[in-house]
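> My questions are about this predicted structure, shown below with the sequence.
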Amino acid sequence: MGKRGEAVAREVEAANAELRELARGLTPQQWSAQTEEGWSVLATARHVAGAEGVLLERLLTPYSEGQPSRMPAMEAINEGNAAFAQRNATGDPAPFYASLKKNGAAATEFLRNLPDEAFDLVTPSSRQWTLAQVIEHVYLGHIRGHSASIRQATEQRASAG
């Protein structure tokens, strides 16, 4: 375990704790509020939680091994996300919490086990980012960006209701 992995794992834990806290106590009306992505809060939360596992498996793990990403093309990602959001627009939020817990734990374990030098690996991507940059801008950026969208949607719904 390296110091950098521990620090980044703590950032992931903090981002997930913030999302969990944001979701705690939401009313049914807030869960159904529309985010800036055009999805319900519930669909957006489930997307974030599920994507943590996908990004770990298809992006961070291969990049940490010097391999290319196993992510599909952006068009396919967007189509899949839209279909996912439609299927998950309503329902029980419990799977969100379970998925966030499971995928967050897998990510933090992975990060804690990376040697410090792995964070300096230049990824075989078009941007030529280091693994540390991918983690910050893509992985953490994904959690934080969608969390901000959820916060905005739930605050607007609360003030309107």
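Looks like it arrived, so ask away.

> quick one: low-confidence parts of this structure?
The chain contains residues with pLDDT under 70 at 1, 157-158, 160-161.

> Break down it into its helices, ranges please.
3-23, 28-32, 41-55, 61-64, 74-87, 94-113, 131-134, 141-160 (DSSP state H).

> so what secondary structure elements neighbour the fourth one?
Using 3 or more C-beta pairs under 8 Å, 6 or more residues apart in numbering; DSSP states H and E as the contact criterion, the neighbours of helix 61-64 among helices and strands are helix 131-134. Any C-beta I mention is one placed from the backbone N, CA and C, and that applies to glycine too.

> do the first one as well
On a contact count with 3+ C-beta pairs under 8 Å, 6+ apart, helix 3-23 meets helix 41-55, helix 94-113, helix 141-160.

> try 6 Å this time
The contact analysis (3 or more C-beta pairs under 6 Å, 6 or more residues apart in numbering; DSSP states H and E) places helix 3-23 against helix 94-113, helix 141-160.

> Okay, buried residues for the last one please.
Across helix 141-160, burial judged by 16 or more other C-beta atoms under 10 Å covers 142-144, 146-147, 149-150, 153-154, 157.

> neighbours of residue 119, just the number please.
21 (other C-beta atoms under 10 Å).

> Nearest residue to it in space, please, no chain neighbours.
Leaving aside its sequence neighbours, residue 119 sits nearest to residue 132 (C-beta to C-beta, 6 or more residues apart in numbering; 4.0 Å).

> I'd like to know how far that neighbour sits from residue 138.
Per C-beta to C-beta, to the nearest Å, residue 132 is found 11 Å from residue 138.
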